[in-house]
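Enquirer: predicted model and sequence below, questions to follow.
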Amino acid sequence: MSSKARPVWSFPWGYRESLVIVLSVAVGGLVAQLLIGPRPGDLPSWPTNLYILAAVVILAAATKLSRWRRFLSFFYSLPLAVALMAAIGLLALVMGLVPQLALETAPPENLLGRLGLFQVTSSWPFSFLYLLTLVALGALVFRWPRKKWAAFLNHLGLWLLLIAAGLGAGDRERGVMRVREGGVEWRAMTASGVKELDLAIRLDDFILEEYPARFALVDAHSGQISPTERGSMALSIDPALTISPLGSSLGAGRIGDYFVEVLQFFNKAAPMGEGQFIRAIYQGSVQAALVRAKHSLSGESFEGWLTPGNSTFPPNPLRLGKSDKLLAMVRPEPRLFVSKVKVYTKQGQEIESTILVNHPLRAGSWLIYQYDYDTAAGPASSWSGFELSRDPWLDLAYVGFILWSLGCLGLILRNAKGKSS
């Protein structure tokens, strides 16, 4: 018994028509890429992205109109969804195979550059496919039976996530601000240059705590750290102790051919002449340690004060006899750095807080992160750097993620219930 094949482009459209349409959209994007050039670096921002979203919602909602049902039903069909996933998966594969470069660093004369393959997510083909995906997923959300609430929430959450991630990208702002201690700053350096923000930051105090400095053998001529085959540059020091009890050491270890003991340690010290150091807690003080180094073969012993130095005091190494080696303290690594600030918002808020690394301060729609400081000055840094970021669409992304998660949970429970019955 023979059956006639369904003519192409007869409703309902299937996989062949879907693949042709998706391929046509991608090819249209490539033509735009070649004729117009790279997509502008500035993404659509408010209110342009709102107009685009309104057009997407209207197109998606139009699929409920019975007058054009046969044509519009294509947008929420399974064949179109499969074709779109295949196209986006192919673009993801291209991103994995072709290095993704910044627009200004990509070679424009290269064929890959002209096709936009060095910036896939910023290319016209990706943009066209993204918009078609939004329309298709939105059409599915508007047409989905509410009785199947788990699948409905799953698709609605995914739709909101895609909207927030794509259309909301143009409204994201990021900048770096440096504020001097005791000063107020409201300008930040952004990707487009210096920009005045709708908030200001006053830096009341910057605090830096450092780990005890490590020790190393240094070449007396070049000043370079000598490679050692044995031992470690790190000696365990308890910062709570400053003088070794009963003649013992605060820390000891082997560095190269020397056995090093730390007899005295000050986290904050200042020189007192003739290579001596005393405890001194003030701006610009430096770590200092009294050490004894004994050569493992000759038995020669050397004792003296070491300091890594900072912007106030020079480093003070210990010469090890007539050898070309010096025992030195390496610049200490930061353990904690925080900023005590007062933030003024355009709405009249005044927020006093402490900003730590990985503990940002929320001020209005801004998140303020501890970013950097004057590393050369160390604890004496007179300024603190902050990274400020804002994403007005972030709440929508959170809502989408929650709905998507609830939908996934509902699908899991439904399947588990079906298996048990």
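Expert: Alright, I've got the coordinates.
Enquirer: so how far is stretch 197-204 from its chain's centroid?
Expert: Chain-centre distance of stretch 197-204: 22 Å, with CA atoms, centre = their mean, to the nearest Å.
Enquirer: er, stretch 74-89 actually
Expert: Distance, stretch centre to chain centre, for stretch 74-89: 32 Å (CA atoms, centre = their mean).
Enquirer: nearest residue to Trp13 other than its sequence neighbours?
Expert: Counting by CB to CB, 6 or more residues apart in numbering, Trp13 lies nearest to Phe74, which is 4.9 Å off, once chain neighbours are set aside. Every residue, glycine included, has its C-beta placed from N, CA and C.
Enquirer: pLDDT wise, what is that neighbour at?
Expert: Here, the pLDDT recorded for Phe74 equals 86.
Enquirer: my read is it is in a helix, agree?
Expert: Yes: with DSSP: H, G, I helix; E, B strand; the rest coil as the criterion, Phe74 is part of a helix.
Enquirer: near it, how many other residues are there?
Expert: 19 (other CB atoms under 10 Å).
Enquirer: with Lys342 instead?
Expert: For Lys342, the neighbour count with other CB under 10 Å is 14.
Enquirer: that one touches Arg202, doesn't it?
Expert: Yes: the pair Lys342 / Arg202 is scored as a contact, 4.5 Å apart, by CB atoms under 8 Å.
Enquirer: surely Leu115 touches Leu30?
Expert: Yes: Leu115 is within contact range of Leu30, at 6.3 Å (criterion: CB under 8 Å).
Enquirer: ok, the residue nearest to Trp13 to Ala62 distance?
Expert: Distance, Phe74 to Ala62, by CB to CB, to the nearest Å: 12 Å.
Enquirer: what's the answer for Val179, then?
Expert: From Val179 over to Ala62 the distance is 51 Å, taken as CB to CB.
Enquirer: who's more crowded, the two?
Expert: Val179 (21 against 15).
Enquirer: tell me which residues touch the more buried one, please.
Expert: Val179 makes contacts with Glu185, Ile201, Arg202, Leu203, Val341, Trp383, Ser384, Gly385, Phe386, as judged by CB atoms under 8 Å, 6 or more residues apart in numbering.
Enquirer: mind saving the C-alpha coords of the host helix or strand of the first one as PDB?
Expert: Counting by DSSP states H and E, the secondary-structure element that holds Glu185 is strand 184-190. Listed in PDB are the C-alpha atoms of strand 184-190, where the atom choice follows Å, rounded to 0.1, in the frame of the first residue of the first chain:
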ATOM      1  CA  VAL A 184      34.500  61.500  48.600                       C
ATOM      2  CA  GLU A 185      34.200  60.200  45.000                       C
ATOM      3  CA  TRP A 186      31.200  59.800  42.700                       C
ATOM      4  CA  ARG A 187      33.000  59.100  39.400                       C
ATOM      5  CA  ALA A 188      33.900  55.600  38.200                       C
ATOM      6  CA  MET A 189      36.000  54.300  35.300                       C
ATOM      7  CA  THR A 190      33.800  52.200  33.000                       C
END
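Enquirer: buried ones in the next helix or strand after that strand?
Expert: Note on strand 184-190: by DSSP H and E, the next helix or strand toward the C-terminus is strand 193-210. Going by neighbour count (16 or more other CB atoms under 10 Å), the buried part of strand 193-210 is Leu197, Leu199, Ala200, Ile201, Arg202, Leu203, Phe206, Leu208, Glu210.
Enquirer: for Arg69, give its distance to Gly14.
Expert: For Arg69, the distance to Gly14 - CB to CB - is 17 Å.
Enquirer: so what are the domain limits for the chain?
Expert: Domain assignment for the chain by automatic domain parsing gives 15-143, 173-208+335-390, 212-332.
Enquirer: using CSV, lay out the contacts of Val179 together with distance to Leu217 and pLDDT.
Expert: Converted to CSV, these look like this (distance: CB to CB, whole Å; pLDDT from 0 to 100):
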residue, distance to Leu217, pLDDT
Glu185, 43, 97
Ile201, 44, 97
Arg202, 45, 97
Leu203, 39, 97
Val341, 42, 97
Trp383, 35, 96
Ser384, 35, 97
Gly385, 34, 97
Phe386, 39, 97
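Enquirer: quick check: the farthest pair among these?
Expert: In these, two members sit farther apart than any others by CB to CB. They are Arg202 and Gly385, at 14.7 Å.
Enquirer: which residues touch His359?
Expert: With contact taken as CB under 8 Å, 6+ apart, His359 is in contact with Gln370.
Enquirer: state the distance from it to Leu367.
Expert: Separation of His359 from Leu367 (CB to CB) stands at 11 Å.
Enquirer: what about Ser353, how many residues nearby?
Expert: When neighbours are counted by other CB under 10 Å, Ser353 registers 16.
Enquirer: wait, a strand at it?
Expert: Yes: counting by three-state DSSP, Ser353 falls inside a strand.
Enquirer: quick one, what contacts it?
Expert: So Ser353 contacts Lys340, Val341, Val343, Leu361 (CB under 8 Å, 6+ apart).
Enquirer: then Ile278?
Expert: Applying CB under 8 Å, 6+ apart, one finds that Ile278 lies in contact with Phe266, Ala269, Ala270, Met272.
Enquirer: will you turn these into JSON lines that also has pLDDT, secondary structure and neighbour count?
Expert: Below are these laid out as JSON lines (pLDDT from 0 to 100; DSSP: H, G, I helix; E, B strand; the rest coil; neighbours: other CB atoms under 10 Å):
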{"residue": "Phe266", "pLDDT": "89", "secondary structure": "strand", "neighbour count": "22"}
{"residue": "Ala269", "pLDDT": "90", "secondary structure": "strand", "neighbour count": "23"}
{"residue": "Ala270", "pLDDT": "89", "secondary structure": "strand", "neighbour count": "18"}
{"residue": "Met272", "pLDDT": "86", "secondary structure": "coil", "neighbour count": "11"}
